[in-house]
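Asks: Give me a 3D structure for the following:
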Amino acid sequence: MPVDRNIVVVGAGIGGLAAALSLARAGVGVTVLERAPQLAEVGAGLQISPNASRILVGLGLQTALDAVAVTPEALVVHSTRAGGALAEIPLGPAVARRFGAPYWVIHRADLQAALVDAVRANPAIALHLDTRVDRMTAEPGSVRVEASVAGEARRFVTDGVVGADGVWSMVRTGTLGGPPARYSGRMALRATIPIDETPPEWHRKSGIWMAPRAHLVHYPVRSGRELNLVAIVEGAWEDESWSVPIERDDVVAMFDPVSGTRWPEAARALILSPRTWTRWALAGVDPRFDWSGGPVTLLGDAAHAMLPFAAQGAAMAIEDAAILAGEVARPGIAVADAFAAYERLRKGRVSAVREFAETNGRIYHLGDALAFLRDAGLRLASGAQLLERQAWIYGWSPEGTRPL
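Replies: Numbers count the residues shown, from 1 in each chain. Purely as a prediction, here's the structure:
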C-alpha cells in the first residue's frame, strides 16, 4: 500500500541509492540529494555476498547486474609464509545453492550505474546532483532542508532525512553531533588491469594473499574483462579522498623482498602489472552512538564505516536500506519512531560484522610465528567448512529480522 510520506536521502552512493529504491518500493516518495555534479567512476571493485545480493535481486536488478558482475567459482587463500595456496573456498553455484542468492564481484561504478538507472526510471524518486545541503531544521512533523542545487537556493520539506553521505558524513557530525571518523593507520592500494594480461587461473576465481602487515586481494570485474587488485598495507598517511594517485614505483617497493616479506612470484607479478595505482586512507566509525535523532538517521558508512577485512561495507549499507524501508513503511508509525526501531534492529548486526572484520585484519597480517598456526588451520579445514563459517553473514535476510 502507498505510504503518504516523503524521505530525503543525502548521498547517492551505493547505500543512498539502495535506500531510495527500497523506500520507493515500499510506497514512500524519495528525494535524493548528491553533492557531486556527476556520478563518476570512483573506487574500484566490490564484493556483494548473498545477504546483499538477495536484496538487489528483490529490487529487480538481477538482469542488469548479471550483465556486468562476475560470479567467481572460488576464493583461493594464500600465505606468503607458506609460499602458496592453503585452501580453496567454493563460491559460485555452491553459494547460490547454500544461501539462495549469488555471490557477485563487481566494479563499484557498474553497481552504481545500475542503481542510478533504476532510480531515474522510478517516478517516486527525484535525484538532484550538484547539491550542497546547507541546513536542516526539525519542525513539528517535518524537517526543512535548505540546499543549493546547481547554485540555486532550494528548500525541501520532508518527513525525515537519511544521511547516507559516507564515512566523512556531515549529517552525522553536523546535524546529529556524532563522532568524527577515525583513521585506522592502514591504507588501500587499488588498481585494475586487463584480464588477458593475467594468468588464466584468475579469470574465474578470486584470490587473497596474506602476509605480515599486509595482504593482497584480487578478483575479476567488468563482465570478466578486468582484474581488480586491492592491497592493504600499514601506513599513517591520511586523506579524505577515495582515490589519490600514487607512484607505481612506490607501490612496487612496498612488496619488494627487501621490505621484509618475500612475496611469491605469482603475487609479485600481479603487483607489477598495473601502470597506475591509487590509494585510499582507511577510516572507520564506531557505531556505539545514537545514529538517530528524531526524524534524522544515518545509513551505511555514515553510521558504521568498517575496515574492508570482511568485504561487507557495501553489503551492510544495502542491508540497512532494506530494514529502514520496512520500518518506515509500517502502518501508523511516526518517522522518528521508525528510525529509532531501524537503529535498534541494525546496531547489533553491524557491530558484530565490524568486530569480525577487525579480527580478520589481525589474522590476515600475522607475523611468521602465529601465521604458522593460522596456515595449519586453513590447510586442515575443507572448503565447505570455511564457507560455512560465513553462514551467519551470508544467510541473513530482511525477512529473518525480528522487531525489538
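Asks: quick one: contacts for residue 40?
Replies: Counting by CB atoms under 8 Å, 6 or more residues apart in numbering, residue 40 touches residue 109. Just so you know, the C-beta spots here come from the backbone N, C-alpha and C atoms, and that holds for glycine as well.
Asks: Quickly note the distance from it to residue 190.
Replies: 15 Å (CB to CB, to the nearest Å).
Asks: Also residue 321?
Replies: Taken as CB to CB, the span from residue 321 to residue 190 is 25 Å.
Asks: tally of neighbours for residue 237?
Replies: The local packing of residue 237 (other CB atoms under 10 Å) involves 14 other residues.
Asks: what ranges do the strands span in the stretch 101-250 of the chain?
Replies: 104-107, 125-128, 131-139, 142-149, 152-158, 160-163, 182-194, 206-211, 214-221, 226-234, 244-246 (DSSP state E, counting those that start in this stretch).
Asks: which one of those is the most hemmed in?
Replies: Stretch with highest mean neighbour count among the strands of the stretch 101-250 of the chain: strand 160-163 (a mean of 30; mean count of other CB atoms under 10 Å).
Asks: after that strand comes which helix or strand?
Replies: Later in the chain than strand 160-163, the nearest helix or strand by DSSP states H and E is helix 170.
Asks: residues in contact with that following helix?
Replies: 133, 163.
Asks: Now do that helix, average pLDDT.
Replies: Here the mean pLDDT over helix 170 is 96, rounded to a whole number.
Asks: cool, stretch 268-277 as well?
Replies: 94.
Asks: Check stretch 332-343 too.
Replies: 96.
Asks: buried ones in that stretch?
Replies: Buried residues in stretch 332-343, defined by neighbour count with 16 or more other CB atoms under 10 Å: 335-343.
Asks: ok but residue 348 is inside a helix, no?
Replies: Yes. Under DSSP: H, G, I helix; E, B strand; the rest coil, residue 348 sits within a helix.
Asks: State the number of residues packed around it.
Replies: 11.
Asks: Tell me how far it lies from residue 184.
Replies: Distance from residue 348 to residue 184, by CB to CB: 22 Å.
Asks: try residue 57
Replies: Taken as CB to CB, the span from residue 57 to residue 184 is 32 Å.
Asks: quick one: the residue lying farthest from the centre of the chain from residue 181, how far?
Replies: For the chain, the residue at maximal distance from the C-alpha centroid (CA atoms, centre = their mean) is residue 140, at 34.7 Å. Counting by CB to CB, the gap from residue 140 to residue 181 is 33 Å.
Asks: now this structure, which segments are flagged as low pLDDT?
Replies: Applying pLDDT under 70 to the chain flags the ranges 1-3, 41-43, 257-260, 401-404.
Asks: Helices along the protein, start to end?
Replies: 14-25, 50-58, 62-66, 92-99, 108-120, 170, 248-254, 265-272, 301-304, 313-328, 335-364, 368-380, 383-388, 391-394 (DSSP state H).
Asks: Pick the most buried one from those.
Replies: Using mean count of other CB under 10 Å, helix 301-304 ranks as the most buried of those, with a mean of 29.
Asks: residues in contact with that helix?
Replies: Contacts for helix 301-304 (CB under 8 Å, 6+ apart): 11, 13, 15, 163-167, 169, 171-172, 285, 287, 291, 313, 316-317, 320, 346, 350-351, 354.
Asks: Out of the helices of the chain, which gets nearest to residue 217?
Replies: helix 335-364 (9.5 Å; CB to CB).
Asks: elements contacting the closest one?
Replies: strand 160-163, strand 206-211, strand 296-298, helix 301-304, helix 313-328 (3 or more CB pairs under 8 Å, 6 or more residues apart in numbering; DSSP states H and E).
Asks: If we use 7 Å, what do you get?
Replies: strand 296-298, helix 313-328 (3 or more CB pairs under 7 Å, 6 or more residues apart in numbering; DSSP states H and E).
Asks: Which residue lies nearest the spatial centre of this structure?
Replies: residue 314 (2.1 Å).
Asks: correct me, but that one touches residue 46?
Replies: Yes. With contacts counted by CB atoms under 7 Å, residue 314 reaches residue 46, the gap being 5.0 Å.
Asks: returning to that earlier point: as TSV, the helices of the chain with distance to residue 148 would be great.
Replies: As requested, the helices of the chain are exported to TSV (distance: least, CB to CB, whole Å):
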stretch	distance to residue 148
helix 14-25	18
helix 50-58	32
helix 62-66	32
helix 92-99	44
helix 108-120	21
helix 170	14
helix 248-254	39
helix 265-272	43
helix 301-304	21
helix 313-328	26
helix 335-364	25
helix 368-380	52
helix 383-388	49
helix 391-394	40
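Asks: Quick check: which of those helices is nearest to residue 78?
Replies: Nearest to residue 78, of the helices of the chain and by CB to CB, is helix 265-272 at 7.1 Å.
Asks: Measure how the closest one sits relative to strand 182-194, angle-wise.
Replies: Counting by axes from the mean of the first three to the mean of the last three CA atoms, to 10 degrees, helix 265-272 lies at 90 degrees to strand 182-194.
Asks: hmm, who's touching helix 265-272?
Replies: 209, 216, 218, 229, 251-252, 255 (CB atoms under 7 Å, 6 or more residues apart in numbering).
Asks: the inter-axis angle of that helix versus strand 206-211?
Replies: Going by the same axes, to 10 degrees, helix 265-272 makes 100 degrees with strand 206-211.
Asks: what angle sits between helix 265-272 and strand 214-221?
Replies: 70 degrees.
Asks: from the middle of its chain, how far away would helix 265-272 be?
Replies: In terms of CA atoms, centre = their mean, to the nearest Å, the centre of helix 265-272 is set 26 Å apart from its chain centre.
Asks: And stretch 235-252, by the same measure?
Replies: 20 Å.
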